[in-house]
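In: what follows is a predicted protein model with its sequence.
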Amino acid sequence: MPETLEELYTTALCGIEVKAKEFVVPALLWLRASATPLSVAALVTAVRFKPDSVGGDCSDGEPSVEGPEMARWFNGLVNVVDNTVLLVHTSLADFLRVIPEQGSDLISEFAVHEMDAQHLLATTCLQYVAYYARSAKRRGSSQDLDTFPLLAYACRFWIDHTRRWAALSQDSCSALVGPSAELVASVLGDGSVVRAWTSVFNPDEPDSSPFAGHQTKLSSPVYYAVATGIPGVVTYLTAAGADVSLPGADGMYPLQAALEGKNTGMVRALLEHGARTTVVDSYGRMPLLEAALDGQKALTALLLQHTDPSAITRRHPLKDGACISIPHRVAAAATGPIFSLFLRPPAAPVEELSAHVQCFLSARDAELLRTPLHHAVISGNISVVSVILQEGAEVNVQDRYGNTALHLAALSNHERAWDLLIDHGALIELENDSRLTALGVKWHRRRLDWASYEVDPVLSRGMQENTKVLVRRPNSAGPETPLHIFEKRYDLSGHSLEDLNEVKKALGRENSIFQRLNHPYIVSYLGCADIDKEIPRLYLEYCDGGDLRRDMRPPTPPPTSAALSLPLPVGTFLAYSSRNDRSVQSPSSRVGELGRPRRWTETQVWRLIYQLLSSLAHLHYGVSLSGESGGDVYARSWDPAIHRDINPRNVVLCKRPDGEWDAKICDLGIARDEIMERMTRGKYRGSAHYQPPVREHMSTHIYGIRG
């Protein structure tokens, strides 16, 4: 008795009668390689179909084999269920596929490679379709499905088997010539065969029933040829006069179909026979742009080899009166390397490259007169922004409304683009038609009546020169207007250009972060004034408890620059009381005036730690508190912000109605609004005592917020 499936199948194959093998051998090939199960009649027809030539008659006749008799022929390897022939088990198909690799002499006659099997099925199906189209028995109705048992299968799957054979070929380009390509081309080039085929199965409407009673518009022969995956079919069709520029029934061009299938050989064949890369289909799509925006760099380069450089920079009209502008589409959505291909296309003469680059980078769209740089900034396409700036494009050019790329970076809230533009000379003082500078655009979203506030001399005592506490003037605002607000000023006068750019970047980052933060333990942003002047002012929530420095023991002296690389001593601790909570007096709200540190209970310390961690979780991950439930709410989409300078100076305290203190994080000016590749920069930022363990020279150990 056989002990394994392989032994069982080998024994069964060896036991097939010699007189039955003439039918069983090809039948097993069909059963293992067919796309769907076959009826008894369809299988018999497939095995016995022997056309004398394309268009000739065949010797299929009426099937004379019944189901039970067929099952006996196969020696138990198939079952016939509801007139459908099925292999006894799916593992039998796998076994039949590996017979050629086993090299067994006992069953060598059943050895057929998968590529040869697909080629046989494709050829038989295609010849059967041609036979049907020219047969005198054809009626053009559903009766033909009974008269021609293999018809439904052949019409639906001949392209699938052809494509599989082409994919399995060692080199699909070998199909450029040969009987298979010639056969496919001869069938697709015959209108009567194509109409007969599509009346049974229309690939443009695959869900329609056979002989549905209406003949829709057919695609071009070349369009159907692309589906076969054999470039040689295109060669034969074009040699016979077929037009590669005719679209399919769905409005898509053959070149687009080849790009969709990522078939480089087919794309090359179409281009060599005149396919246009910048033709626009009925849906406003262009082959060159589809490849570029899909990230297909190699195919894009191939298309550009066959594209007139002038067609890249001119506008391409659409039916609705709009137009396609390649430079702007590519700038908005392509990668930097692909954008660079368009800047220097292979087809452009060397002596004309400089003029082409200038024309491409300075191209204006029809509606808003924006350049590729404008579009790249709006979409946040940093890789393309970098390429454009490295090419030396004009960075301060204005659109129809006077907006520069820097204005658009502010409107779109793209901080990395903002930084890059400033580094490459973007002028922050240029105004748009609304008389707003780029920085003014960033800070224009929230404004209070700052004239209704004045400096509170008592609360401002002892503060740094650039910070003040303002108090609302009597009867100057409604009850919801805060009584006190905190004013922070930036003195931009006298800075070097490098330092000024860094300050502008910090202002932009701080605004972008404040605009989207809404958390009880992060200081609220209220607005700004004079943001375009030498001394812009920022207004924040006022916290009456000062910062944590007042509650620390005397710190150790700041380290010298030479000591920054050494381990830092921990010399600052909260003044802590280990006594029971009930025996500790609540801190005074006027502790700043007294200059004495508050005494913190363990409960208060843990509450402070929770509040700080909660605020950091919000900055890093968008986690918000859900109130009394104790759970957390995560933002759907969140750009992490990294503070990079958590220290006692930047933790301020607000007194609650119950006398306890809430800790809030402030001073996000050096926060990064995205996770950058490096967490520290060449210049030291932040507080030396609280510098993170990351150092600029630790190039192989860069830590991110996720560990």
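Out: Here it is on my side, so go on. Residues are numbered from 1 along each chain as shown.

In: residue ranges with poor pLDDT in the stretch 551-700 of the chain?
Out: 553-597, 625-637, 668-700 (pLDDT under 70).

In: again, only this time at 90
Out: 551-605, 614-650, 654-661, 665-700 (pLDDT under 90).

In: for stretch 482-498, buried residues please.
Out: 482, 485-490, 492 (16 or more other C-beta atoms under 10 Å). Using the backbone N, CA and C atoms, a C-beta is placed for each residue, glycine as well.

In: for Gly140, grab phi and psi.
Out: phi 70, psi 30 (degrees, to the nearest 10).

In: got the buried residues of stretch 482-498 as a markdown table, with secondary structure columns?
Out: Formatted as a markdown table, the buried residues of stretch 482-498 follow (DSSP: H, G, I helix; E, B strand; the rest coil):
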| residue | secondary structure |
| --- | --- |
| Pro482 | coil |
| Ile485 | strand |
| Phe486 | strand |
| Glu487 | strand |
| Lys488 | strand |
| Arg489 | strand |
| Tyr490 | coil |
| Leu492 | coil |
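
In: which one of those residues is nearest Pro520?
Out: The shortest gap between Pro520 and any of those belongs to Pro482, at 15.4 Å (C-beta to C-beta).

In: pretty sure the closest one sits against Val469.
Out: No. Assessed by C-beta atoms under 8 Å, Pro482 is found out of contact with Val469, at 11.2 Å.

In: common neighbours of the two, please.
Out: Shared contacts of Pro482 and Val469 (C-beta atoms under 8 Å, 6 or more residues apart in numbering): Tyr542.

In: can you map out the strands along the stretch 601-707 of the chain?
Out: For the stretch 601-707 of the chain, the strands defined by DSSP state E, counting those that start in this stretch cover 623-625, 632-634, 651-655, 661-665.

In: could you do the chain as well?
Out: 38-39, 78-81, 84-87, 315-317, 323-325, 453-455, 467-472, 484-489, 525-529, 537-541, 623-625, 632-634, 651-655, 661-665 (DSSP state E).

In: rank these by pLDDT, which is bottom?
Out: Among these, strand 632-634 has the lowest mean pLDDT, at a mean of 64.

In: give me every residue that touches Leu87.
Out: Contacts of Leu87 by C-beta under 8 Å, 6+ apart are 31-32, 77-79, 93.

In: what of Val88?
Out: Contacts of Val88 by C-beta under 8 Å, 6+ apart are 76-79.

In: where's it relative to Thr45, distance?
Out: Val88 is 22 Å from Thr45, where distance means C-beta to C-beta, to the nearest Å.

In: before we move on, what about Val384?
Out: 58 Å.

In: could you list the low-confidence segments of the stretch 401-550 of the chain?
Out: 410-416, 419, 428-429, 434-550.

In: for it, what spans make up the helices?
Out: 405-412, 415-423, 438-443, 497-516 (DSSP state H, counting those that start in this stretch).

In: as a markdown table, those with distance to Asp320 would be great.
Out: Shown next, in a markdown table, are those (distance: least, C-beta to C-beta, whole Å):
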| stretch | distance to Asp320 |
| --- | --- |
| helix 405-412 | 26 |
| helix 415-423 | 31 |
| helix 438-443 | 32 |
| helix 497-516 | 36 |
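
In: my read: Leu304 touches Leu288, true?
Out: Yes. Counting by C-beta under 8 Å, Leu304 does reach Leu288; the two are 7.4 Å apart.

In: more neighbours: which of the two?
Out: Leu288 (27 against 22; other C-beta atoms under 10 Å).

In: now that one. Nearest residue, chain neighbours left out?
Out: Residue nearest to Leu288 in three dimensions, not counting chain neighbours: Thr277, with 4.3 Å by C-beta to C-beta, 6 or more residues apart in numbering.

In: ok, that neighbour to Val384 distance?
Out: 21 Å.

In: do Asp667 as well
Out: From Asp667 to Val384 the distance is 33 Å (C-beta to C-beta).

In: likewise Trp600?
Out: Counting by C-beta to C-beta - Trp600 and Val384 are separated by 52 Å.

In: more neighbours: those two, which one.
Out: Val384 (26 against 20).

In: before we move on, the earlier item: identify the contacts common to Leu304 and Leu288.
Out: Common neighbours of Leu304 and Leu288 (C-beta under 8 Å, 6+ apart) are Thr277.

In: helices along the stretch 1-150 of the chain, start to end?
Out: 5-14, 18-33, 40-48, 67-73, 90-102, 114-134, 144-147.

In: and those helices, which one averages the lowest pLDDT?
Out: Taking the mean pLDDT of the helices of the stretch 1-150 of the chain, helix 67-73 comes last: a mean of 74.

In: go ahead and confirm Ala409 touches Leu421.
Out: Yes. Assessed by C-beta under 8 Å, Ala409 is found in contact with Leu421 at 6.0 Å.

In: shared neighbours of the two, which are they?
Out: Val377.

In: for stretch 364-371, the distance to its chain's centre please.
Out: 26 Å (C-alpha atoms, centre = their mean, to the nearest Å).
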